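Asks: here are the coordinates; sequence isn't available:
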C-alpha cells in the first residue's frame, strides 16, 4: 500500500541508467517515485496514481515530454518540471509553453533536482501566500477582491474573473499574478520574479518568467501586463 505521507513523484525517462539512479536518489530523500520509460505509460501512470508532481524528460518515445505535459495540463494543475539535455533547446520553451512550471538541465546533480522539486512544491502548497508582511496587508485589504478594469482577483478564494467569467490559472500563474497585483504599476524585474514566484535563491533562466507572463497574458488580456524593456514587467492599474 502506498505511503500517503510521502510526496508522490511521477518520473518519465527513457534512459534506464538515469531513470533508475534518479529514482533511487529521490526515494532516499523521502519521495515515493513511479518511474516510467515512455510517454504513453507515463500518461497512464499519471491517471492512475495522481502524483503530487511530474518530472518529464523532453525526449521520450511514444508520446514526447512536451505532448505529455500538454495532456497532463489539460486534466490537472499538478506541477510539472521538464528535463532537457540542452539548456538552449527550443524544447525548453515548448515545454514551458505547454504548461510546465520549471525545467532542469541534464546532466543534473541529485541535490539540485531535489531542491528544485521542493521549491516547486512549496510554491504550490502556498500558491496564494504573500511574499512579505507588506504584501499581506495589501492582499487582505477590503473584501479581498482586487479589481483592475474588467479583471477581478479574489485573493481569499484564489479565483480570477475577467468580464465576470472565471479564468482558470495554474498555481504558478496565480502566484505570478498576485505578485503583480500586490504592486500595480510597479516594475518587477525578471530576477525579482524568479526569486519571489519560483523561490530561486540563485540565478535562474529568465525564459521561465517570459513564457509564464506570455501564458498569463493570453488568459487575462494581452495589454494587462506591460513589458518595460530592459527592466521587467508591470501590471497596469
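Replies: Structure received. Please read all numbers here as calculations on a predicted model, not as lab measurements. Residues are numbered from 1 along each chain as shown.

Asks: immediately after the helix or strand of the chain with the lowest mean pLDDT, which helix or strand?
Replies: Lowest mean confidence among the helices and strands of the chain (mean pLDDT, DSSP states H and E): helix 133-140, at a mean of 36. Next along the chain after helix 133-140, taking DSSP states H and E as the criterion, comes strand 145-148.

Asks: who does that following strand pair up with?
Replies: strand 151-154 (antiparallel) (DSSP bridges).

Asks: ok now the partner strand, how far from the chain's centre?
Replies: Chain-centre distance of strand 151-154: 21 Å, with CA atoms, centre = their mean, to the nearest Å.

Asks: Give me the buried stretch members for it, please.
Replies: By 16 or more other CB atoms under 10 Å, the buried positions in strand 151-154 come out as 151-153. In this view, the C-beta of every residue, glycine as well, is placed from N, C-alpha and C.

Asks: With respect to residue 46, which of the residues you listed is nearest?
Replies: Closest approach to residue 46 among the buried residues of strand 151-154 (CB to CB): residue 153, at 29.8 Å.

Asks: Make sure the closest one is actually in contact with residue 146.
Replies: Yes: here residue 153 lies in contact with residue 146, judged by CB atoms under 8 Å, at a distance of 4.5 Å.

Asks: which residues do these two both contact?
Replies: residue 181 (CB atoms under 8 Å, 6 or more residues apart in numbering).

Asks: List the contacts of the most centrally placed residue in the chain.
Replies: With distances taken as CA atoms, centre = their mean, the residue of the chain nearest its centroid is residue 101 (2.4 Å). When contacts are counted by CB under 8 Å, 6+ apart, residue 101 touches 79-81, 120, 123, 170, 172.
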